Structures are given as C-alpha cells and as structure tokens.
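Engineer: Provided below are the primary sequence and the corresponding predicted coordinates.
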Amino acid sequence: MRSFVQIILILISGVGWGFDLPYEEAHFQGHRLLVVVPGDLSDDAPVILALHGALGNGEESFGVFYPGTDFPPCLWLFPDGPVQVRQRSRRTLLTRHAWYDRFTHRYSDMKNSREFLASLLDHYSKWAVGEDGEGRILDKPRPVIIVGESQGGVMTFETGLNYPGTFLAMISVDGFIEYPEKTLARPLAPKRLPILMQNGTLDPVIQKEDAQATRSRLQGMGYHPLLRFYGVGHQITQRMKEDLWSFLRGVILEKSRLPAVAEGNP
C-alpha cells in the first residue's frame, strides 16, 4: 500500500490519474530533475531552485513548494539530490535521494552538492528553455531564487551564499548553517538579499536554538534574515507554504526587498 504522503503527492501531481503534468523530466550531469516551464515565460523571469529534504526526490519538493499556475511565471527546477540512498520497503528496494550523508554530515558531500547545484543554475539561468528557445543563450542570465526544506534548507544557505549569479532571495524551511566557518568564509551573496527562515518551535531535528544561531551568524556578516517560528515540529504546514509563497510573490513582483514578514515569537 502507498503511504498517506505518497497518495497526497500523487493527487497533487496527477501521477497515475491521467492528468496533464505541469512538469517535464530532464537530466543534468546524470541526475534527474523536474522542470516547470510556463508557456508565457519571459527571458528575464526568475529561475526557482527547490530542494527536497533527506530521503526525498523531485516529486516531493514539487508537491511541497510548487504554488500552481496562479503565480508569476517562473522557471521551476526540482532536482533529485546526487547522493543515492537505498531503502527497503516491504519487498521493494527503493532509491531515495539526499544532498549529503544523513549520518556523517560530511562537508565534502555538501560541497559536491553545492558544485552540482551551481552548475545546474549556470545552465538554466543562462540558456533559454522551451520549444521556441532551446539552445539559445540569454542576453542576461535569469535571477535566481533558492528554496529548500531540512537538508534542502541547509543546501539553500550553502549554495545561495556562495553562488556568483544574480540572486533575488533565499528561503530555508527547517534548515540552518551547519558549518558557518566554511559556508560563511567568503560569501558572495549581496548583503541586502531577502532571506526568509521558517522553523518549528517543536522541531527536534533543527531546533529553535539552531535557527536563532544561524540568524545571528548571518546578521554578524551583515545580512538581514527574517526568522519566523511556527508551533509545529519538523514539517512544513499550509500556513508556512502560504507565507513562503507570499514572500516569493513580493520578491518577484517588486524585484526589490519585499516588505518585512513579521517575525514570529513562540
């Protein structure tokens, strides 16, 4: 039997129900990703890189982060993490994905995943996509937004702070900076970059103190992250999604720092 989460993701994406899927499957450097290309995508529309948590995949990050078609046109990317993890479910051996080893948390894994994501962003921010523009180099690279949850939230900071392209925003859900002395050694992201952090006050994995420490370290480097707490555990709720999408709309439509999201207090 399918898990409840799998059933919900199937209903969202239309898999197995005969619905038209909004994404296409692609491969980059041997790794799979899902790509959403709206029909009215302009050459200067942002590319949004959405990163799943440990033991996830592109479908799961699509089900969590994609807001639907009632949203400013953006190029959405949902890659599978390059670290493969084998899991046995009943009699089936499943391949799941991660951005780094969930037991050792090796920084070398994070660095490798960061380099993979940087190459992915280079490709999709600089080259046109779609039937009419495939293979055409854009006059100006697309601005980039990264959003991720859990391990994907860790990689949001690791990649976003160290990518030389044009950034519009970073959003980390239940994530933190695990190696600040390395991740923040020579950050390239502009200091006025909008950064939203969402974290549960009951999260046993990325605790409240972890999120607060990351905010303090970012502030110490001259950044202005917005940290919002929610009375939940290690998860992303509908309210968190709506706050996240509102943040994204503000960044995309205004092309400047969005009006402050009120910082929550438990």
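Structural biologist: Thanks, I have the structure now.
Engineer: P46 contacts P73, doesn't it?
Structural biologist: No: checked against C-beta atoms under 8 Å, the pair P46 and P73 is beyond contact range at 9.2 Å. For every residue, glycine as well, the C-beta is placed using N, CA and C.
Engineer: the two: who's more crowded?
Structural biologist: Using other C-beta atoms under 10 Å as the criterion, P46 and P73 rank with P46 on top: 23 against 16.
Engineer: so what's the more buried one up against?
Structural biologist: By C-beta atoms under 8 Å, 6 or more residues apart in numbering, the residues touching P46 are 74-75, 142-145, 168, 252.
Engineer: got JSON lines for those, with pLDDT, secondary structure and neighbour count too?
Structural biologist: Shown next, in JSON lines, are the contacts of P46 (pLDDT from 0 to 100; DSSP: H, G, I helix; E, B strand; the rest coil; neighbours: other C-beta atoms under 10 Å):
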{"residue": "C74", "pLDDT": "95", "secondary structure": "coil", "neighbour count": "22"}
{"residue": "L75", "pLDDT": "96", "secondary structure": "strand", "neighbour count": "22"}
{"residue": "R142", "pLDDT": "95", "secondary structure": "coil", "neighbour count": "26"}
{"residue": "P143", "pLDDT": "95", "secondary structure": "coil", "neighbour count": "20"}
{"residue": "V144", "pLDDT": "96", "secondary structure": "strand", "neighbour count": "24"}
{"residue": "I145", "pLDDT": "97", "secondary structure": "strand", "neighbour count": "24"}
{"residue": "L168", "pLDDT": "94", "secondary structure": "strand", "neighbour count": "23"}
{"residue": "I252", "pLDDT": "91", "secondary structure": "helix", "neighbour count": "20"}
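Engineer: got those residues as a markdown table, with distance to T201 columns?
Structural biologist: Formatted as a markdown table, the contacts of P46 follow (distance: C-beta to C-beta, whole Å):
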| residue | distance to T201 |
| --- | --- |
| C74 | 31 |
| L75 | 34 |
| R142 | 36 |
| P143 | 33 |
| V144 | 30 |
| I145 | 26 |
| L168 | 28 |
| I252 | 29 |
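Engineer: OK, contacts around I206?
Structural biologist: I206 makes contact with 150, 153, 174-176, 199, 234 under the criterion C-beta under 8 Å, 6+ apart.
Engineer: ok, now how distant is it from G220?
Structural biologist: According to C-beta to C-beta, to the nearest Å, I206 stands 19 Å off from G220.
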